[in-house]
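>>> would you be able to build a 3D model of this:
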Amino acid sequence: MRIGLVGLGRIGAFHARTLLALDTVDELLVTDSVPAATAALVAELGVSAAASPADLLTAELDGVVIASSTSTHPQLLLAFVEAGIPAFCEKPVAGNLADAIEVRNKTAHIDVPVQIGFPRRFDPDMARARDDLQSGRLGKLHTLRSTTLDPAPPPAAYILSSGGIFRDCAIHDFDTVRWVTGREVIEVYAVGSSRIVDYIAEAHDADTATSLLTLDDGSIAVISNARRNGRGHDVRLELLGTDDSVAAGLDQTLPLRSANPSVPFPTGPPSVFFMDRFAEAFRRELAMFTEVAGGSAPSPCTVEDGVEASRVAEACARSWQEHRPVGLDEIDRG
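Residues are numbered from 1 along each chain as shown. This next block holds a predicted model:
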């Protein structure tokens, strides 16, 4: 397959290496708004360069991966889909809900597949935990806990354009809740604090947040997020049911230690970055995209899924700002 890649920052360069390792990818064409970034990756990996995304539109691609800044997602995604090129787009669909809804509405009647990048759907342990729930082995789910604790905060410039901790970080957890349970969120209550990272406080954002989600079947999800977790990158999913309970992320790389000195677990080095925590998930995610682009599989994460995760994020941001529960019926569905 001939795949294009737009955006060669941290995640884009990582995707380039992942794509090249796939048996299904024969050629990779890359471009970035910073020509030096393109030149560096071409020199390192021997991939082909395109001067701009516009050049990729006429490059006879089998698919394109959009890993550029969030603000560019709507324009690029629409351009490639309208050109008939299957597209993988990193989350979120857009920097704000209105733009995400517009993308959904414009692509809904175009028969070109789109996959939104939520890699936790491809984490093997999370998939197994989901299977345990969906099979009935856990009984009735009474509590779901999803945790994302980053080891270090993003740069100040990124924070200013990220949309905030709910739209940028917790959105992964919101998508996980919908995917794992197959249920919709009907109400949220969120709190946040800004006492760890000065420049996050100055941006009027939170560096630590907790969201309480009520699902349409009455089950409850607790989402915990933090921008600075000293022991490492902690991402867990815990499903607690009436018959059994299961956790994903509870392995030897867990960045947590027991207060009981007789408990050695975990014994391995903690995960320190999302790229080592989710390396296999990213590989599976992009491998699936080649199947989607080739027409042999439906999209596992649609634009509609991206919009719904953004709606939950919007509700949580509003709840935090207004200090009240927010129903999802208050958030635009478009």
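>>> and V272, what pLDDT?
V272 is assigned 89 on the pLDDT scale.
>>> and it, that's in a helix?
No - assigned with DSSP: H, G, I helix; E, B strand; the rest coil, V272 falls outside any helix and is coil.
>>> can you get me a residue count around the closest residue to G63 other than its chain neighbours?
Residue nearest to G63 in three dimensions, not counting chain neighbours: A293, with 3.3 Å by CB to CB, 6 or more residues apart in numbering. Just so you know, the C-beta spots here come from the backbone N, C-alpha and C atoms, and that holds for glycine as well. Per other CB atoms under 10 Å, the neighbour tally for A293 reads 25.
>>> could you export the helix or strand containing A293 as PDB, CA atoms only?
Taking DSSP states H and E as the criterion, A293 maps to helix 279-294. What follows is helix 279-294, C-alpha atoms only, in PDB (Å, rounded to 0.1, in the frame of the first residue of the first chain):
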ATOM      1  CA  ALA A 279       3.500   0.600  21.500                       C
ATOM      2  CA  GLU A 280       1.500  -2.600  20.700                       C
ATOM      3  CA  ALA A 281      -1.800  -0.700  20.600                       C
ATOM      4  CA  PHE A 282      -0.400   1.800  18.100                       C
ATOM      5  CA  ARG A 283       0.900  -1.000  15.900                       C
ATOM      6  CA  ARG A 284      -2.500  -2.800  16.000                       C
ATOM      7  CA  GLU A 285      -4.300   0.500  15.400                       C
ATOM      8  CA  LEU A 286      -2.400   1.400  12.200                       C
ATOM      9  CA  ALA A 287      -2.500  -2.200  11.000                       C
ATOM     10  CA  MET A 288      -6.300  -2.100  11.300                       C
ATOM     11  CA  PHE A 289      -6.300   1.200   9.300                       C
ATOM     12  CA  THR A 290      -4.600  -0.500   6.400                       C
ATOM     13  CA  GLU A 291      -7.400  -3.000   6.500                       C
ATOM     14  CA  VAL A 292     -10.000  -0.200   6.600                       C
ATOM     15  CA  ALA A 293      -8.300   1.600   3.800                       C
ATOM     16  CA  GLY A 294      -8.100  -1.600   1.700                       C
END
